Every structure is written in C-alpha cells, then in structure tokens.
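Colleague: below is the sequence, then the predicted model.
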Amino acid sequence: MPQLRAIPSRERSTSLKARESWHILGIISEFVEATERLAEIRPAVSIFGSARVRPGHRWYELTVELARMLSDAGFTVISGGGPGIMEAANRGAHAGSSPSVGLNIELPHEQLGNAYQDISVNFRHFFARKVAFAKYATAFVAVPGGFGTLDELGDVLTLIQTRVGRRIPVILVDSAFWKGLIDWMRDSVAANGLIDPKDIELMRIVEEPGQVVEAIFEFYVNRGFAPTATERELMLNL
C-alpha cells in the first residue's frame, strides 16, 4: 500500500496529511467535549430504541414513563438525542428531577435532535458516541429497535463479556419482542459453542417500567453506584 511520502506531488501529499491530521483532531475534540460535559452526570442510565416509533405508540409512552421514573429516582437519562424512543427517553427525563442527556449523531436522514435535552453533545463519529454511551452509564436499557439498537446492545454485551467494560445491568423491555433473539442466542449461538450459555444471563427481560428501576437497584444494593478503582481503570481504556 503506497505511503503518503510516495505520492509524487509534495503539495498533494501535504494536503492529504493535513486533512488526516485535522480529522484526527476532530475525533479527539469529540472525546474531550463528551468528557467535559458528562463526567459529573453519574449515576446514569442509557436507553436505546427505535428512531421510528411515534408518540402514542405503547413503546413510546412506556419509555416516557420509564425515563420519568428513572429521573425521579436520581438517575440521569442518556439517549441518542433523536426522535422516536430517544425522544421519549429525553422527554420523560426532562419532566423528572434529574438531567436529560442527548448524544446526537449527524446522519444523512432520520436524526434530528429532540427538544427535551438538558445536556446535548454532538458527534460526527459513531465510535466516539458509543464510548460515551458505555463510559458514563450505570445501566443499559434496550426498548424495541432496529439495527442501531442491536448494534448498541451488541457493543455493551461484548464489553461486559470480554471484561473490557465493567459489569452493569443490561435490561431488555418487552419479552414478546426480544424472545426470538434470546432463543436464537441460546439455540444457535450458545449451542454451537460461540458464546458461553451464561453470557445470555448478562441480559434481563422485563415488561414494565417499574421492573426496570427495581432491577437496577437490586443489582447495586450491595455495592453502591460508584465505580470501584478497578472499574475506573477499565473505563479509562474504553
């Protein structure tokens, strides 16, 4: 693969190097801004779900109620900042007593920031945004969604499974929606030795908003929400 120094035109080579350098600085700036804006928000819960669900849908209204309950219980609520379930999460949190955070991403379509964000952080790069979702969350909640939701869920589970990230509650809402995925993981993925059957236990499925809050408090009842020294070291490497 040719190196930049092998490009015959020095002007062209310099231009390419400058562009890449500015790109890297732009990525760094996203991490810096996220750290400055989010370092003090814990405990926080990241909520994922479809951008295509509209107000009035039961998943939307359930998420509004859930986020309000989490906010009033003292949790900052983090969403992707866009429409659908993300809007519902910010809307419920905004009506509660704790901050509502939106991690907005620039996309060619679909993603427009919702109006219910107390703290809004903008990203151009998905991977920087994913770090923010993982690094500052005390728990992850997945409401039904599409590829984006599955992508975030896979990232979270991989970090916990590989012990690169700390163990935190991963809660799926609506068993009817998630049952097929869990069955496939058990009957195909785990059955073929591709994951340990116990990895499926990293997730907990619930039906109601109150059960989400209870599950989070149950997880932390004997240890508190603050990361341990070991967990803080893990998160520095995300």
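Modeller: In hand now; what should we look at?
Colleague: the residue lying closest to Asp72 once chain neighbours are set aside: what's it in contact with?
Modeller: Nearest non-adjacent residue to Asp72, counting by CB to CB, 6 or more residues apart in numbering: Gly96, 4.6 Å away. (C-beta placed from N, C-alpha, C; glycine too.) Gly96 is in contact with 67-72, 77, counting by CB atoms under 8 Å, 6 or more residues apart in numbering.
Colleague: at 10 Å instead, please
Modeller: Counting by CB atoms under 10 Å, 6 or more residues apart in numbering, Gly96 makes contact with 67-77.
Colleague: ok, it to His23 distance?
Modeller: Gly96 sits 38 Å away from His23, going by CB to CB, to the nearest Å.
Colleague: what of Asp118?
Modeller: 30 Å.
Colleague: what's the answer for Ser100, then?
Modeller: Using CB to CB, one obtains 31 Å as the distance from Ser100 to His23.
Colleague: also Ile119?
Modeller: 26 Å.
Colleague: so those two - more neighbours on which side?
Modeller: Ile119 (16 against 12; other CB atoms under 10 Å).
Colleague: low-confidence bits of this protein, can you list those?
Modeller: Low-confidence regions of the chain, defined by pLDDT under 70, span residues 1-17, 108-111, 236, 238.
Colleague: would you map the strands across it?
Modeller: 44-48, 76-79, 100-105, 119-123, 139-142, 170-173, 203-206 (DSSP state E).
Colleague: could you export stretch 138-149 as PDB, CA atoms only?
Modeller: Presented in PDB, the C-alpha positions along stretch 138-149 are these (Å, rounded to 0.1, in the frame of the first residue of the first chain):
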ATOM      1  CA  THR A 138     -24.700   2.700  35.300                       C
ATOM      2  CA  ALA A 139     -27.200   0.600  33.400                       C
ATOM      3  CA  PHE A 140     -28.300  -0.100  29.800                       C
ATOM      4  CA  VAL A 141     -32.000  -0.400  28.800                       C
ATOM      5  CA  ALA A 142     -33.000  -1.600  25.300                       C
ATOM      6  CA  VAL A 143     -36.500  -0.800  24.200                       C
ATOM      7  CA  PRO A 144     -37.500  -2.400  20.900                       C
ATOM      8  CA  GLY A 145     -35.500  -1.100  18.000                       C
ATOM      9  CA  GLY A 146     -33.700  -1.900  14.700                       C
ATOM     10  CA  PHE A 147     -30.100  -2.200  13.600                       C
ATOM     11  CA  GLY A 148     -28.900   0.700  15.700                       C
ATOM     12  CA  THR A 149     -30.400  -0.700  18.900                       C
END
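Colleague: one step back: how about CSV for the contacts of Gly96, with distance to Arg19 and neighbour count added?
Modeller: Converted to CSV, the contacts of Gly96 look like this (distance: CB to CB, whole Å; neighbours: other CB atoms under 10 Å):
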residue, distance to Arg19, neighbour count
Ala67, 40, 31
Arg68, 45, 21
Met69, 47, 19
Leu70, 42, 28
Ser71, 42, 22
Asp72, 47, 15
Ala73, 47, 15
Gly74, 45, 11
Phe75, 41, 26
Thr76, 37, 25
Val77, 37, 31
